[in-house]
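Visitor: Build me a structure from this.
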Amino acid sequence: MKKKPLVIAMAVALSSSTLSFTLAAEDVTKAEIQESADKELITTEFDEVLVSATRISEKASETSRSVAVVGEEQLAIAQASSVANALKHEANISLTNGPRASSQGVEIRGLSGDRILQTIDGARQNTSSGHRGTYFMDPELLKSVEVLRGPASSLWGSGALGGVVAQNTKSAKDFLAPNEKFGGYLQQGYETNGDRVKTSGAVYGQEGTIDWLLNGSYFDSNNIKTGNDETLINSASDGGSGLAKLGWQADEASRLELSARVNKTNELVPSNPSTVVSSSVPLVRRQTDDQNITLNYSLNPTNNPYLDTKVQVYWNSTDYDEDRVTKGQKDSTEFRTVGVNLNNSSRLGNTKLTYGVDGYRDTIETVRDDSGQVGQRPGNIDGESTVWGAFTRADIELIKTLNLDAALRYDNFKNDSNNLNMSSDDNELSPSLGLSWQTQPWLTLSARYDQAFRAPTVEEMYSSGTHYCIPPIPGFLPQGLCNTFATNPNLKPETARNKEIKADLRFSDLAGDDELAVTLNVFRNDVDDFIVQQVSNPWRGIPGFEQTTSWNNVEDARLTGFEISGRYRIGQTRLAMNYGQTHGEDRKTGEYIEGIPANKFNVDLSQGIMDGDMKLGTRVTYVASQSNTPDGYSVAKYDDYKLWDIYVAWEPTMGVMSGVRVDFAVENIGDEQYQQAWQTLYQPGRNMKLSARYMF
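Guide: Here you go, the predicted structure:
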């Protein structure tokens, strides 16, 4: 299906209507524009500025989208071993793939995996390879993680079906004051669960127009323990990471920055780390190497309201090398991405118009060693995906209290299988519309509609060879039986249509030095053509009836739910609470669908003492039972559970201990043995964490 004439017509209509509206508006001087821009970024403690998830800088309270921001202080307190672990306390955001940190992923409103887009400093992270992990960033290197809940293809294109996880790394300017030239830190961490040791350090500096940063870390962990002091065998790992940045501030308006990141993990784990070793899940010695190089250029002259340009070129490389130790086979998977982003924002009267183009090429090559199992292993994959897109977004102030944001994006994508000599291509149009009304200085109401899509991957369309084999069974299967992959070049993209309303309340000075923020989001997301892996098993291997595995479009799902969060601060006392729930069913049959998280409630209370140098806190999480499982599912109900954590952070600002920071936490104090809904393994038991950092 070709939509190019429609795309051009809609894009021209949107741009023309926006331009005519803004030119008719009252002229705004450049000075007034700058003053307005400065005011927009003034923020309170509970009103973070989004810098990458929505592709423009805007305050969380003023976007009509549902967002969660985990800042640098929260990341330091969490001492998380993975990005997913750092997000698990947010409403309608869950950790997936079990307790092994290297394989953990993020689920948003019941959608996970390739349905969630991951970015690092605005660069897409597209790696996708079966059960293997794809979140490689060390949380210590991040200054914030922004999570956009709900479809966002009008901003990002394919993959943002359920949301976006945008990770923003630190630079030298995040550590140094304007008059400081050089600095660094050393940090040592330890966790009792798994005897995990982590050592890290960094040096950074700035001289004139140049700033730079070098960071490195190493960790080593033994097998972790789940609740009731039970050891999870084959969960030990070790590895390291590094980040290098070089920035050139040519003048006040332009900046060029080059960054390079590496991550390496070594582990002896089941081939599917979310479960245990079995006859179909062999033990593998896996080494994962992830690398990224990104070049960013920005141009934003203060006296030119039409120019706020960002250009990005990036290269990602992920290698999985696996030694199937019980079978003497060596497998490898290589995933590469080369991409470019170009966008600009222009202020035209009372409108901010953002527009741009981007594109990327993913390549995947796999080698599956069939030594000793000739004809019984998956076929090698040699394929590539090429995607390019163009988008425009208009943020219009209709009147002082009423704002409209409208966006439109066109994507063209093509998948090629080089070894099978097969290809397919398609295109998608992703519109979105949002309306925000500030009814009172303390209340903003929003409503929005978004369409999104996820293009099928090369692996889903062109997998070949053997999926698995059943060994011979005398008297029943004398020759055994093998299940083979069937290609599906006609696989359609998954699509989503999301409707959402939001209420945002902000108060200050209710009882003196205090702040209160409450946000409620209610959504309904209709997802069509769900892509799932289906395994046929006709007649238990009777000759003449083939067994196959393929990816097919099957379910039309409806996901409904809401999340509510509240934060209150009075003096040095802070209270944060959130609750999220999602309900999912097949729209055709009314049957519950798999993978929907249980309802979750979090409360976090902290108190600052010693003039704010020390923070004492406690956190309670309650996750309800999940009995909304499909008919015939292997587990009828997942039990509820309660977790209690405590934490202490100490960072003196003056005296001989200035530059020292110590974080201590005890997670799962009661050593609860608990299992998240839809997961096979139990989660970690009691864990005491200690981290000490010295900055110089």
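Visitor: Let me see the ranges of the strands in the stretch 201-350 of the chain.
Guide: 210-221, 225-226, 230-231, 237-248, 254-270, 283-299, 309-324, 329-348 (DSSP state E, counting those that start in this stretch).
Visitor: Residue 357 is in contact with residue 390, isn't it?
Guide: Yes - the pair residue 357 / residue 390 is scored as a contact, 4.8 Å apart, by Cβ atoms under 8 Å. Glycine gets a C-beta too; all of them are placed from N, C-alpha and C.
Visitor: residue contacts, residue 336?
Guide: 315-318, 362-364 (Cβ atoms under 8 Å, 6 or more residues apart in numbering).
Visitor: Show me the shaky parts of the chain.
Guide: 1-44, 477-479, 537-546 (pLDDT under 70).
Visitor: Just give me the residue closest to the centre of it.
Guide: residue 165 (2.7 Å; Cα atoms, centre = their mean).
Visitor: picking that back up, winner for burial among the strands of the stretch 201-350 of the chain?
Guide: Ranked by mean neighbour count, the strands of the stretch 201-350 of the chain are led by strand 225-226 with a mean of 22 (mean count of other Cβ atoms under 10 Å).
Visitor: residues of stretch 174-189 that come out buried?
Guide: 175-176, 183-185, 187, 189 (16 or more other Cβ atoms under 10 Å).
Visitor: Could you work out the end-to-end span of that stretch for me?
Guide: Distance between the boundary residues of stretch 174-189 (Cα to Cα, to the nearest Å) amounts to 22 Å.
Visitor: I'd assumed residue 119 was in contact with the residue nearest to the centre of the chain.
Guide: Yes - assessed by Cβ under 8 Å, residue 165 is found in contact with residue 119 at 7.3 Å.
Visitor: Can you report how many residues lie near residue 504?
Guide: Using other Cβ atoms under 10 Å, residue 504 is surrounded by 23 other residues.
Visitor: Parallel or antiparallel, list what pairs with the helix or strand hosting it.
Guide: Using DSSP states H and E, residue 504 sits in strand 494-508. Under the criterion DSSP bridges, strand 494-508 sits next to strand 443-454 (antiparallel), strand 514-528 (antiparallel) in its sheet.
Visitor: what about the closest residue to residue 471 other than its chain neighbours, distance to residue 370?
Guide: Distances taken as Cβ to Cβ, 6 or more residues apart in numbering place residue 480 nearest to residue 471, at 5.2 Å, with adjacent residues excluded. Distance of residue 480 to residue 370, computed by Cβ to Cβ, to the nearest Å: 15 Å.
Visitor: Likewise for residue 307?
Guide: Counting by Cβ to Cβ, the gap from residue 307 to residue 370 is 57 Å.
Visitor: Name the residue in those two with the higher neighbour count.
Guide: Taking neighbours as other Cβ under 10 Å, residue 307 and residue 370 compare with residue 370 leading, 17 against 14.
Visitor: Need the three-state assignment for that one.
Guide: For residue 370, the secondary-structure state derived from DSSP: H, G, I helix; E, B strand; the rest coil is coil.
Visitor: Is it correct that it is in contact with residue 376?
Guide: Yes - the pair residue 370 / residue 376 is scored as a contact, 6.6 Å apart, by Cβ under 8 Å.
Visitor: Any buried residues in stretch 430-437, and which?
Guide: 430, 432-436.
Visitor: How about stretch 446-462?
Guide: For stretch 446-462, by 16+ other Cβ under 10 Å, it's 446, 448, 450-462.
Visitor: likewise stretch 384-395?
Guide: For stretch 384-395, the neighbour count (16+ other Cβ under 10 Å) marks 384-385, 387-395 as buried.
Visitor: on that earlier part again, report the beta-bridge partner residues of the residue nearest to the centre of the chain.
Guide: Judged by DSSP bridges, the bridge partners of residue 165 are residue 118, residue 147.
Visitor: Distance check, it against residue 105.
Guide: Distance from residue 165 to residue 105, by Cβ to Cβ: 9 Å.
Visitor: Kindly report the same for residue 49.
Guide: Residue 49 sits 27 Å away from residue 105, going by Cβ to Cβ.
Visitor: So for those two, which residue has more residues nearby?
Guide: Shown here are residue 49 and residue 105; by other Cβ under 10 Å, residue 105 has more neighbours (21 against 16).
Visitor: which residues touch the closest residue to the more buried one other than its chain neighbours?
Guide: In this structure, residue 105 finds its nearest non-sequential neighbour in residue 96, 4.4 Å apart by Cβ to Cβ, 6+ apart. If a contact means Cβ under 8 Å, 6+ apart, then residue 96 has 84, 104-107, 112-113, 274, 679 as its contacts.
Visitor: which of those residues tops the neighbour count?
Guide: residue 106 (29 neighbours).
Visitor: How about the contacts made by that residue?
Guide: Counting by Cβ under 8 Å, 6+ apart, residue 106 makes contact with 83-84, 87, 93-96, 112, 116, 118, 135, 147, 165.
Visitor: Next, format those as CSV and append distance to residue 253 and secondary structure.
Guide: Shown next, in CSV, are those (distance: Cβ to Cβ, whole Å; DSSP: H, G, I helix; E, B strand; the rest coil):
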residue, distance to residue 253, secondary structure
83, 33, helix
84, 38, helix
87, 35, helix
93, 37, strand
94, 42, strand
95, 42, strand
96, 43, strand
112, 41, coil
116, 35, strand
118, 31, strand
135, 35, coil
147, 31, strand
165, 31, strand
